[in-house]
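Undergrad: Need coordinates for the following:
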Amino acid sequence: MPETLLYQSSADLYRMLKSSPVVYVKPINGTGGRGILRIERQREGKSLFDIQGRRQSRQIIAPRKVSLNRLETIVRQWCIGGKFLVQQGIPLRLPSGRFHDYRMLVQKNGQGDWEFTGMAGRVGAARSGDNSIYRKALVRPLEYAMWVYKNKNTPSSSKVVEE
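TA: Numbering: from 1, shown residues only. Below is the predicted model of the structure:
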């Protein structure tokens, strides 16, 4: 599980950036990839970062490079009016540049007991900073998604799940 902190000040962001080259700032009660900011520390120096994301309105924040001082201001403004998490990034980018992840679905059955009901792999749309199905991510059975990852292929766009 990725390390996760409640964002209360820039100190939380700095702490996470010291230990992880990729950090996500996201709302506590988010859904559909909205309100997520992806921050990646650049190799060239400690004070230059790539950021990209999606506002609550689903407007894309195009990738750009910012200084540490500018990043602090952006994150502070990003988090106004809500509770946000700062979360360690884990490697999700395929060689094609798309993001992917794997989900297990666990639900309560008719007796109120938790049970496993399915699993799938998701591969994000081209040029998207995430793999949300709200932005035409591909959803595939886990076995197929793992095959794509193992063989470093780009999945076909058939059976795209749309909003």
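Undergrad: C-alpha from now on. contacts and neighbour counts both.
TA: Will do.
Undergrad: Run the chain-centre distance for the strand or helix carrying Met104.
TA: Here Met104 sits within strand 100-108, counting by DSSP states H and E. Centroid separation for strand 100-108 versus its chain: 15 Å, with Cα atoms, centre = their mean, to the nearest Å.
Undergrad: Counting neighbours, which bits of that strand end up buried?
TA: His100, Asp101, Tyr102 (16 or more other Cα atoms under 10 Å).
Undergrad: What pairs with the helix or strand just after it, parallel or antiparallel?
TA: The helix or strand immediately downstream of strand 100-108 is strand 114-123, counting by DSSP H and E. Here strand 114-123 has these sheet partners by DSSP bridges: strand 100-108 (antiparallel), strand 138-141 (antiparallel).
Undergrad: least reliable of those going by mean pLDDT?
TA: Mean pLDDT is lowest for strand 138-141 out of the strands paired with strand 114-123, coming in at a mean of 62.
Undergrad: Tell me which residues touch Thr73, please.
TA: If a contact means Cα atoms under 8 Å, 6 or more residues apart in numbering, then Thr73 has no contacts.
Undergrad: Would you indicate which residues of the helix or strand hosting it are buried?
TA: Element membership for Thr73, per DSSP H and E: helix 68-78. Neighbour counts using 16+ other Cα under 10 Å place Leu71, Glu72, Val75, Trp78 of helix 68-78 among the buried residues.
Undergrad: Can you tell me which helix or strand of the protein has the lowest average pLDDT?
TA: Lowest mean confidence among the helices and strands of the chain (mean pLDDT, DSSP states H and E): strand 138-141, at a mean of 62.
Undergrad: confidence score at Arg127?
TA: The model reports Arg127 with a pLDDT of 56.
Undergrad: still on that earlier bit, and whichever helix or strand comes after the helix holding Thr73, how far from the chain's centre?
TA: For helix 68-78, the following helix or strand on the C-terminal side (DSSP H and E) is strand 84-88. Between the centre of strand 84-88 and the centre of its chain there are 10 Å (Cα atoms, centre = their mean).
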